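J.: From the sequence below, what's the structure:
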Amino acid sequence: MLNSNNLLKSILGLFLLFLSLCASSVYGSTPTEAVTLTPQEYATLKTNFDTLENTINKQLTTINELEMQLRVAKLSTNEQKNELIEALNLINEQRTQLTEARNLLQKQEQMLNEQKLSLAKAEIYLNEQKKEIDKAKMEQRKSKLLNILLGGTVIYLASKN
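T.: The predicted structure follows:
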């Protein structure tokens, strides 16, 4: 866009220089003599003026197109910026959710470890209880055998008398 502005200024400068060379009078002063152009000089001047006007119009059209493209680019950039902000917000939200999930998993792991420890203690206690029950069963068998022997001895002694 700056190049087109510089080009436009250069063309306008050349046109003004051309006009000042063609006309002998200076703006604001009174002419001392009349300027007469031949039909060929007039045609050349008219052609140069038309060419300059066309160039200026083309440059203005180019400037307008460039300005429109700049507006579109700015809008597109703003939309992309908004999309990036939304994506960043989603990422932050997901990071928060993942952190919460990790914390929950750590709590569950801690609870599982406590339960595992508790189960290990319960298993030890159950094994001790089994040993006690086995001892009690052995004692009970011994008692039964002793009772049977004593009962048999009593019967034997009773039958002998």
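J.: For the rest of this, base every contact and every neighbour count on C-alpha atoms.
T.: Will do.
J.: for the protein, where's the lowest mean pLDDT among helices and strands?
T.: One helix or strand of the chain scores below all others by mean pLDDT, DSSP states H and E: helix 2-22, with a mean of 65.
J.: Helix or strand next in line after it, which one?
T.: helix 39-160 (DSSP states H and E).
J.: Show me what that following helix is packed against.
T.: Judged by 3 or more CA pairs under 8 Å, 6 or more residues apart in numbering; DSSP states H and E, helix 39-160 is in contact with helix 2-22.
J.: Could you report the separation of Leu145 from Ala136?
T.: Plainly put, Leu145 is 14 Å away from Ala136 if you go by CA to CA, to the nearest Å.
J.: what's the overlap in contacts for those two?
T.: Common contacts of Leu145 and Ala136 (CA atoms under 8 Å, 6 or more residues apart in numbering): none found.
J.: Against the centre of the protein, work out the most remote residue.
T.: Residue distances from the centre of the chain (CA atoms, centre = their mean) peak at Asn161, which lies 106.0 Å from the mean C-alpha position.
J.: On the pLDDT front, check it for me.
T.: Looking at Asn161, its pLDDT reads 74.
J.: next one: Lys58
T.: pLDDT for Lys58: 92.
J.: what's the burial count for it?
T.: As a burial measure, Lys58 scores 13 neighbours (other CA atoms under 10 Å).
J.: can you tell me how far it sits from Asn127?
T.: Distance, Lys58 to Asn127, by CA to CA: 100 Å.
J.: What of Lys135?
T.: In terms of CA to CA, Lys135 sits 12 Å off from Asn127.
J.: Asp134 too?
T.: Here Asp134 is placed at a distance of 10 Å from Asn127 (CA to CA).
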